[in-house]
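S.K.: A predicted structure for the sequence below; I have some questions about it.
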Amino acid sequence: MKKTILTTIIALSVTILFAQYKRHFNYANIRPLNNINLNILGEASLFSVNYERLFLNTSNFFLAPGFGLGVYEELEGLFFSGGSAYVCIPHHITANLGIEKHFFEFGLGGTYINKNPNDKYLIYTIVGYRFQPLDSDEFYFRIYGNILISDIKATSIKFIPFGLSFGISF
């Protein structure tokens, strides 16, 4: 009887210890800290190339500030010739909450648009989903929505409220 009770206690203890270890594994030690990505739509650009660096990296939280260089073209210019193209510099900082590779993302961003006389700087919020890999040189993905905070004056700037980013983490 004593052997049965002792064996049961040891088996339960080992099971609980391994369950605790897996639940509290620190993925922050293995997650790559840099991202290079192509951003399509969103952040007040048609497309941009961006760099991000992760900070305050824990197993289920990190901050991701980033910046890029992109192009915005008036919507008329996409279908008809004669539209104006603008250089834009999108930047953001997002907080990310999640488990392992899947994160809820929320933050604030801004975009400077060159050569636009009325709306040179746009500010917006960011809410979305992020797939952040645990290994270097793997696929990185995020889909997000933007809500414009600053006013857009009567110009040809058309703010697109969603975007898609994909790239490589290293």
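M.R.: On my side now, so go ahead. None of these values were measured; they are calculated from a predicted model.

S.K.: what's the closest non-adjacent residue to residue 35?
M.R.: residue 52 (4.1 Å; Cβ to Cβ, 6 or more residues apart in numbering). C-beta coordinates here come from the backbone N, C-alpha and C atoms, glycine included.

S.K.: check contacts around the one you found.
M.R.: 34-35, 37, 64-66 (Cβ atoms under 8 Å, 6 or more residues apart in numbering).

S.K.: Wasn't it part of a helix?
M.R.: No - applying DSSP: H, G, I helix; E, B strand; the rest coil, one finds residue 52 to be strand, outside a helix.

S.K.: Now do it, the pLDDT please.
M.R.: We have a pLDDT of 96 for residue 52.

S.K.: Bridged to it, which residues?
M.R.: residue 35, residue 66 (DSSP bridges).

S.K.: If you count contacts, what does the longest strand belonging to the chain end up packed against?
M.R.: If you go by DSSP state E, the chain has its longest strand at strand 85-99. Under the contact criterion of 3 or more Cβ pairs under 8 Å, 6 or more residues apart in numbering; DSSP states H and E, strand 85-99 touches strand 47-53, strand 61-73, strand 102-113, strand 121-131.

S.K.: one step back: show the buried residues in the contacts of residue 52.
M.R.: Burial by neighbour count, 16 or more other Cβ atoms under 10 Å: within the contacts of residue 52 this picks out 35, 37, 64, 66.
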